[in-house]
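Chemist: need a 3D model of the sequence below.
(one chain, ligands or ions: 2)
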Amino acid sequence: MDPPANHPETHQPAAPTAGAVTGLRGEPEQPRLLGRSRAYTLANLPERLRQWHAPRINRWERLWVTGGSLAIEYLDASGTIGAELALGENRWFAPGTRWRVVHMAPDSHFELEIHADAKGQAEAPQPLRSTLLEEALSVAVADVPALAALLHALPLGERRVVHARFDLGAWSGTATGAQTLFWHPLAAAPGCFTVLVARSDRLFDLRAYLGRDHAVIEAALGGALASDANYDAWLRATLERHLQIEEELIFPAYLAAGGNEAWVKGLKDEHAYLRQYLCELDQPISRRRFLRLLDGHDEKEERVIYPDVVAHVGARAAALLDAAIAWPVPGATRVP
Ligand SMILES: [Fe+2]
Ligand SMILES: [Fe+2]
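Modeler: Ligands and ions are numbered 1, 2, ... in the order given. Just a heads-up that it's a prediction; the model follows:
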């Protein structure tokens, strides 16, 4: 969302006085109200609020239900979570938290507040994104049957960082038609690989997978900026894999289906800058540029590009999703 100073929908009515519901994902330590939206109704609900979107770096959103009730979804570390909010309830969305409106009755309305966290650091990694990796249980598996058994038994909503002691190319079970398993390879070398897996409680689509891949990259970034060598390697591998998926799989399919060539050119130019800044991540200026560019790039893709990709490729999206999940991470060896 734009800063409220530039936001045409922002005004400053009195805050609702009904009791607050504590946000599931924390609250800013020192919120500073920057602006408040108009009342959104079913008739004037912007399309972007129906789509996955997220507050920017150092921006928190607080949703107040001012009439009727509202059904929302947000992307948690373990998958998509649904929530029903009633009149007077509110919910905080932390920087980077993807959420969307899934249902509202014709007589319902709500408002959005935009806050900055006075204690937040715009140049710091987002702590909520970092937990995606930091709080995942680590497990080791020796062979393909052990990995298959682990994935089969993985409970809904749970995730693991799996260290496998065999070639990534030996695993052929990642691409399936029924997508409830998020699979994000973090690193690979001959004879071993590491992958983040999570079992979703519902089927997910191409947009959800690519958006979650952004979250994995940003989680790795959090550790990398804290000088963790493992996270630094994961950042470089997951980002390169993601850029390759877009450049070699998604964008060609999108353009072949009549997609916007100028948009793709702009995105590929930004990819080049991301690669350049990543090489200079130890330099403060490049680090700042990388953080800002990645944040805006990911948001633009999730809000504008991926919906347009899905609209253009139609039924091909399912095959693209399979191929994206099966895409190897740099360093992986392929078994012919
Ligand atoms: Fe991209
Ligand atoms: Fe992307």
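Chemist: please enumerate the strands of this structure.
Modeler: With DSSP state E as the criterion, the chain has strands at 10-11, 31-37, 40-41, 60-67, 69-76, 79-86, 90-93, 99-104, 109-117, 137-141, 159-164, 181-189, 192-199.
Chemist: any chance of these in a markdown table with mean pLDDT as columns?
Modeler: What follows is the strands of the chain, written out as a markdown table (pLDDT from 0 to 100):
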| stretch | mean pLDDT |
| --- | --- |
| strand 10-11 | 34 |
| strand 31-37 | 82 |
| strand 40-41 | 94 |
| strand 60-67 | 93 |
| strand 69-76 | 88 |
| strand 79-86 | 85 |
| strand 90-93 | 92 |
| strand 99-104 | 92 |
| strand 109-117 | 87 |
| strand 137-141 | 95 |
| strand 159-164 | 94 |
| strand 181-189 | 92 |
| strand 192-199 | 93 |
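Chemist: nearest to L49, of those?
Modeler: L49 lies closest to strand 99-104 among these, at 5.1 Å (Cβ to Cβ). Yep, even glycine has a C-beta here, placed from its N, CA and C like the rest.
Chemist: list the buried ones in that closest one?
Modeler: For strand 99-104, the neighbour count (16 or more other Cβ atoms under 10 Å) marks W99, R100, V101, M104 as buried.
Chemist: format these as TSV; extra columns: distance to V310.
Modeler: Shown next, in TSV, are the buried residues of strand 99-104 (distance: Cβ to Cβ, whole Å):
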residue	distance to V310
W99	19
R100	14
V101	18
M104	23
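Chemist: V162: which of those residues is nearest?
Modeler: W99 (28.1 Å).
Chemist: mind putting the strands of the chain in a markdown table, distance to A233 included?
Modeler: Below are those laid out as a markdown table (distance: least, Cβ to Cβ, whole Å):
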| stretch | distance to A233 |
| --- | --- |
| strand 10-11 | 42 |
| strand 31-37 | 36 |
| strand 40-41 | 43 |
| strand 60-67 | 31 |
| strand 69-76 | 25 |
| strand 79-86 | 26 |
| strand 90-93 | 31 |
| strand 99-104 | 31 |
| strand 109-117 | 30 |
| strand 137-141 | 15 |
| strand 159-164 | 13 |
| strand 181-189 | 6 |
| strand 192-199 | 9 |
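Chemist: out of these, flag the one nearest H271.
Modeler: strand 181-189 (18.5 Å).
Chemist: each with direction, which strands does that closest one pair with?
Modeler: Applying DSSP bridges, strand 181-189 is found paired with strand 192-199 (antiparallel).
Chemist: go ahead and name everything in contact with the strand it pairs with.
Modeler: If you take Cβ atoms under 8 Å, 6 or more residues apart in numbering as the criterion, strand 192-199 is touched by 77-79, 132-133, 136, 151, 154-168, 180-188, 216, 234, 329, 332.
Chemist: now the buried members of those.
Modeler: Applying 16+ other Cβ under 10 Å to the contacts of strand 192-199 flags 77-79, 132-133, 136, 151, 154, 159-162, 164, 166-168, 181-188, 216, 234, 329, 332 as buried.
Chemist: is R159 in contact with L133, as I believe?
Modeler: No - if you go by Cβ atoms under 8 Å, R159 and L133 don't touch, sitting 9.0 Å apart.
Chemist: wait, T131 touches A219, no?
Modeler: Yes - counting by Cβ under 8 Å, T131 touches A219, with 7.4 Å between them.
Chemist: when these two are compared, which one has more neighbours?
Modeler: A219 (30 against 15; other Cβ atoms under 10 Å).
Chemist: give the burial count for A256, as a bare number.
Modeler: By the criterion of other Cβ under 10 Å, A256 has 11 neighbours.
Chemist: please apply the same query to P95.
Modeler: For P95, the number of neighbouring residues by other Cβ under 10 Å comes to 22.
Chemist: which residue ranges make up each domain of this structure?
Modeler: 4-117, 127-325 (automatic domain parsing).
Chemist: these: lowest mean pLDDT?
Modeler: Within the domains of the chain, confidence is poorest for domain 4-117, with a mean of 76 (mean pLDDT).
Chemist: ok now it, how far from the chain's centre?
Modeler: 17 Å (Cα atoms, centre = their mean, to the nearest Å).
Chemist: also stretch 309-319?
Modeler: The chain centroid and the centroid of stretch 309-319 are separated by 19 Å under Cα atoms, centre = their mean.
Chemist: same thing with stretch 147-163?
Modeler: 20 Å.
Chemist: same check, this time on stretch 307-324
Modeler: For stretch 307-324, the distance to the chain centre is 18 Å (Cα atoms, centre = their mean).
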